[in-house]
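Colleague: Everything below, folded, please.
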Amino acid sequence: MDFVIKIGGSLYKYPGKLRELCQHASTWLKGRRCIITPGGGPFTDLVRLAQRDHNISDEIAHEMALIAVDQYGLMLSDMISNSKPVKSIVEARKLIPSAIPILLPSNLILSSDVLEHSWRAGSDCIAAIVARICNAHKLILVKDVDGVYEIIDSKLLTEVSLSKVRQMKTCLDPLLPETLEGSGIECIVVNGLKPDRVKAVIDGLKTVCTRIVPG
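Modeller: Numbers count the residues shown, from 1 in each chain. Sure, this is the predicted structure:
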């Protein structure tokens with residue numbers, strides 16, 4: 001697999017921009033050796049709220065959150081032409097290149113139990129796990145920010161090491177560095193509100209983004 005691209009739930013609150021991105025993705029990803037993974041957005045936010053208000057256990061909240069990610073994936077499948085929701089990487093591989101697979105990850109993650117049952121490991125980690133399983137060379141995390149910022153002066157980092165990210169407070173899942181460690185996968189954080197930047201990252205061109213490198 002060439003790359004896994006996660007379309008973040010943070011983009012949900014920009015309906016026009018999300019639809020524009022999805023329309024572009026229909027063209028850009030057609031025929032590419034890639035898998036889309038979804039974020040959680042308001043669907044997982046509701047699970048957080050339910051856990052807080054009703055004292056739901058981490059185990060059940062974990063399963064609920066994974067189902068919530070599936071729901072965002074289904075929504076994306078309705079917005080991206082030529083895409084199809086799948087529940088396994090085997091199914092995803094069979095679809096390529098005739099359609100763009102969107103992985104609904106709950107079955108995969110629950111059956112393998114490879115994800116910590118906490119809010120430190122969310123859809124960024126799920127995307128990284130999928131990238132590892134399918135031997136992807138690149139993981140693209142599409143969010144509503146330009147990338148990872150330096151803590152002290154809020155300057156955008158064009159490149160940052162996994163070890164440094166581990167020590168920072170960022171827009172990424174806290175356990176993402178640990179999930180990527182030793183994989184050799186190039187991870188790129190890019191702003192989905194700027195579709196031209198996403199296209200550039202897909203094509204391997206320079207643009208405004210943050211590259212997370214081993215080390």
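
Colleague: What helix or strand is R93 located in?
Modeller: helix 89-95 (DSSP states H and E).

Colleague: Quick check: what element follows that helix along the chain?
Modeller: strand 100-103.

Colleague: just checking, what packs against the helix or strand that that following strand is followed by?
Modeller: Next helix or strand after strand 100-103 toward the C-terminus (DSSP H and E): helix 106-112. If contacts are counted by 3 or more Cβ pairs under 8 Å, 6 or more residues apart in numbering; DSSP states H and E, helix 106-112 sits against helix 58-79, helix 123-133. (Glycine included, C-beta is placed from N, CA and C.)

Colleague: Same list, the ones you listed, but as JSON lines with distance to E159, mean pLDDT and mean neighbour count please.
Modeller: Listed next are these as JSON lines, based on distance: least, Cβ to Cβ, whole Å; pLDDT from 0 to 100; neighbours: other Cβ atoms under 10 Å:
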{"stretch": "helix 58-79", "distance to E159": "28", "mean pLDDT": "96", "mean neighbour count": "19"}
{"stretch": "helix 123-133", "distance to E159": "18", "mean pLDDT": "96", "mean neighbour count": "24"}
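
Colleague: Format the ones you listed as JSON lines; extra columns: distance to I100.
Modeller: As requested, the helices and strands packed on helix 106-112 are exported to JSON lines (distance: least, Cβ to Cβ, whole Å):
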{"stretch": "helix 58-79", "distance to I100": "9"}
{"stretch": "helix 123-133", "distance to I100": "14"}
